[in-house]
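Undergrad: A predicted structure for the sequence below; I have some questions about it.
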2 protein chains.
Amino acid sequence: MITNYISTILRGGNPGDAVTVRGWIRSKREAKEFAFVDINDGSCMANIQVVVDRHVPNYDTIVKQINTGASIEVIGELVESPAKGQRFEVKASQVKIYGEADPETYPLQKKRHSFEFLREIGHLRSRTNTLSAVFRVRNACAAAIHQFFQERGFLWVHTPIISASDCEGAGEMFNVTTLNLKNVPLTPDSQIDYSQDFFGKAAYLTVSGQLEAEVMAMAFSNVYTFGPTFRAENSNTSRHLAEFWMIEPEMAFCDLREDMDLAETFLQYVFKYVMENCQADMEFFNERIDKSVLATAENIINNQFERLTYTNAIELLEKSGQKFEYPVSWGLDLQSEHERYLAEEVFKKPVILTDYPVEIKAFYMRLNDDGKTVAAMDILAPKIGEIIGGSQREERLDVLERRLLAQGLNPADYWWYLDLRRYGTVPHAGFGLGFERLVQFMTGMTNIRDVIPFPRAPLTVEF
Amino acid sequence: MITNYISTILRGGNPGDAVTVRGWIRSKREAKEFAFVDINDGSCMANIQVVVDRHVPNYDTIVKQINTGASIEVIGELVESPAKGQRFEVKASQVKIYGEADPETYPLQKKRHSFEFLREIGHLRSRTNTLSAVFRVRNACAAAIHQFFQERGFLWVHTPIISASDCEGAGEMFNVTTLNLKNVPLTPDSQIDYSQDFFGKAAYLTVSGQLEAEVMAMAFSNVYTFGPTFRAENSNTSRHLAEFWMIEPEMAFCDLREDMDLAETFLQYVFKYVMENCQADMEFFNERIDKSVLATAENIINNQFERLTYTNAIELLEKSGQKFEYPVSWGLDLQSEHERYLAEEVFKKPVILTDYPVEIKAFYMRLNDDGKTVAAMDILAPKIGEIIGGSQREERLDVLERRLLAQGLNPADYWWYLDLRRYGTVPHAGFGLGFERLVQFMTGMTNIRDVIPFPRAPLTVEF
């Protein structure tokens, strides 16, 4: 097991150190009496260069096995490197090849591959610079998120994946069943006989853990979810996944202003953490993937987010003289073009819009005193549009029941959710954040399928 | 939003501090001119006691609203408590009731409720002492797990929930589909026409992320999963869930010995973390749920785990003179009675059994040189039996192909898994741990449905 990563050796090593390096060969250059081998163990973007010469036992055999993709162990000495761009290299005294990789068939030769091609070899693509950097950033993001909430006394709660209810009364869902699909049992009146199914009723993959997170917030004050959620939408786009991870904090005794405060602090914390912990990866993205990645991160970290109401935003857009594909008027569900215009052109930093028209928002959002808007907030970021959506929740039983009915939902289906308002209800609020959107935003990757190890999308379920 | 939890006030407060307390009322005692109110915000087992007297505005109204389950905000002063068992209480100057709880209908009155009853009110049960303690311990466990692996440079990898493959060639699985169940499309030869399904082929809920974790370990060296997994077994027991969370670390360049070392260190770390961070909760479990909980934790933390081969364990059991329901002979898949006998009676501490017969273990476990056993390990703990199962993985392409065929599996279905052995294969190992089993073990809770917020089991999918 590797306990001394290449990242640690490159950062903390000293010339003369005896080192053991294990990893996969990224490239080699052969000269007459020696070979340079670049080894990567996934711990950082950088390879460590190893010099293998005739002092190494079995040199002739080994040098033939040294090919891109082969796995290798090197025992040697850390020495200062005469080469540019690296402090250290390893002078090998012993080399062992664990597993070869035939250069005729190994798909990842040292050249650029398209991301489309790499998706076809999802089991190998993490061995490339870009995907490797993506998943290190993804891990750092995830670690930052847990650390942020744990430091603040939030409980990580695991809300159910299989659910009998549909959180927002919308969203296309996957069925979960053990019925024999070749011969689905029907009731006498030709309905599906779910009494024979595993759960005794129709069951789905969850689209959100929010309602259950509210349950937990009503006992623990501050909680968050971090788990998979699902959409069965047939959207073959670069921004949609059928399976993705979501973070949903929920806070009791919390209003919309405090919700916004937390969301802003949260985003800044996560970006800062990643900038500090994945510096080389972030510089790589900025150089190779999207030249604005570092500037965007700095913009988020260093600016107080602009806050304005939806109504003010509409006025601003109307007066802008800008031509939009979707014409602007009060009541419009803002499109990405409007959101990006506000964040990129008007304010040039993240913007929090609040108090949206009741008609375009979910039933659980708290109705404002004007009767026309709800205490919702969306955070819009330059380059991406909406990154966080949140709201204060409707804590008044009678208002909530009316909102359910107005949206054609049956209050009886929400008996337990309504009970939270019946017994010890409190003002509370929360927000939701698509994890892959965040990673995509942070890395500048164009296609969301390249920021999750094994993407699920229409007709896509390999690996 | 609560930023100053009751746990913080009780731990770090000083007499004379101005405090604001928010939470839910657990109980009250009324006297003529004042009332004692116990408030809990979920941050710790302890309530904070508040003294409400006639100096508080609207005393008469408020004292009527003060009932178990109501939500409350108290502004007041922290004073030394004359009562036994608590250092502090709060002398209220202002009280606000956010939401009442009708004592006639609120199901959680101050008395003991059965866990069966509490499962029926899963949306309220976290407001009880026991469930509240369980979910704090659960959170601490989860936080410890992330911290342990992140400290060691392991990447948290999100393996897919929806999968087209069945990791172990066994296990009953849930179908995931968007086909119209009332009218499932069939092909001309009467098979299900999955080409019309969302993924274009049969899809299931994953039973393990191990195979995909191996993919990631072959790029990042050390990784771990921590996510939901599923079993569609119709097991209505106190030890089975249809949906549960699993932790699966996977390490490249790792053999069975290092795998055991890591698993042992890991278990001790998590128990230690919980003992340090949830002391009052653990004492509560020891007193109310299972009198051996603290001793078991100490046993794990302070002992070097015993290691012996399966073969030696069988000899030991055969010579023991003990009567077992399942008679012991080499080749037997050990039952809980045998595992517990070894851990509780023979060694009186955790035991790691290694090198199991090839016939009773999964295809991916590395075949030992004897040709009869595989490099598997199970950790058996006193009181629970198997808590961790792991193995070194078969890294040799030819051996792995033979093992697949021997188990009636089609190597073509595992093309990408085999590719890992074709290109840069390395010795590697890992283990798996059911998260709810761990929490159950730690807390002494009898039924596994009481250690996950919203349990899923046959006919059980409410909330």
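TA: Thanks, I have it.
Undergrad: how much space separates the residue lying closest to residue A:103 once chain neighbours are set aside from residue A:97?
TA: Among residues not flanking residue A:103 along the chain, residue A:67 sits closest, at 4.9 Å (CB to CB, 6 or more residues apart in numbering or on different chains). Glycine gets a C-beta too; all of them are placed from N, C-alpha and C. Note on residue A:67: its distance to residue A:97, by CB to CB, to the nearest Å, is 9 Å.
Undergrad: where does the residue nearest to residue A:103 land in three-state SS?
TA: Secondary structure assignment for residue A:67 (DSSP: H, G, I helix; E, B strand; the rest coil): coil.
Undergrad: quick check: it touching residue A:108?
TA: No. With contact defined as CB atoms under 8 Å, residue A:67 does not reach residue A:108; the gap is 11.0 Å.
Undergrad: and residue A:323, how many neighbours?
TA: 7 (other CB atoms under 10 Å in any protein chain shown).
Undergrad: correction: residue A:186
TA: 13.
Undergrad: pretty sure it is touching residue A:196, no?
TA: No. Applying CB under 8 Å, one finds residue A:186 not in contact with residue A:196, separated by 9.9 Å.
Undergrad: please name the residues that touch the residue lying closest to residue A:449 once chain neighbours are set aside.
TA: With sequence-adjacent residues excluded and distances taken as CB to CB, 6+ apart, residue A:449 is closest to residue A:455, at 3.9 Å. Neighbour list for residue A:455: A:119, A:122, A:241, A:243, A:448, A:449 [criterion: CB atoms under 8 Å, 6 or more residues apart in numbering or on different chains].
Undergrad: also residue A:41?
TA: A:2, A:5, A:6, A:21, A:22, A:23, A:24, B:220, B:221.
Undergrad: got phi/psi on it?
TA: phi -120, psi 10 (degrees, to the nearest 10).
Undergrad: what does the model give it for pLDDT?
TA: Note on residue A:41: pLDDT of 98.
Undergrad: residues near the residue lying closest to it once chain neighbours are set aside, how many?
TA: Of all residues not flanking residue A:41 in the chain, residue A:23 sits nearest, at 3.5 Å (CB to CB, 6+ apart). Neighbour count for residue A:23, taken as other CB under 10 Å: 27.
Undergrad: which SS class is residue A:23?
TA: strand.
Undergrad: so it sits right up against residue A:4, yeah?
TA: No. Here residue A:23 does not reach residue A:4: they are 11.6 Å apart, not a contact under CB under 8 Å.
Undergrad: find the residues that touch each one of these two.
TA: What both residue A:23 and residue A:4 touch, as defined by CB under 8 Å, 6+ apart, is an empty set.
Undergrad: would residue A:239 count as being in a helix?
TA: No. Residue A:239 is assigned coil when assessed by three-state DSSP, not a helix.
Undergrad: ok, the closest residue in space to it that isn't next to it in sequence to chain B distance?
TA: In space, and not counting its chain neighbours, residue A:239 is closest to residue A:448: 5.6 Å by CB to CB, 6+ apart. Distance, residue A:448 to chain B, using CB to the nearest CB, to the nearest Å: 13 Å.
Undergrad: and for residue A:297?
TA: Separation of residue A:297 from chain B (CB to the nearest CB) stands at 21 Å.
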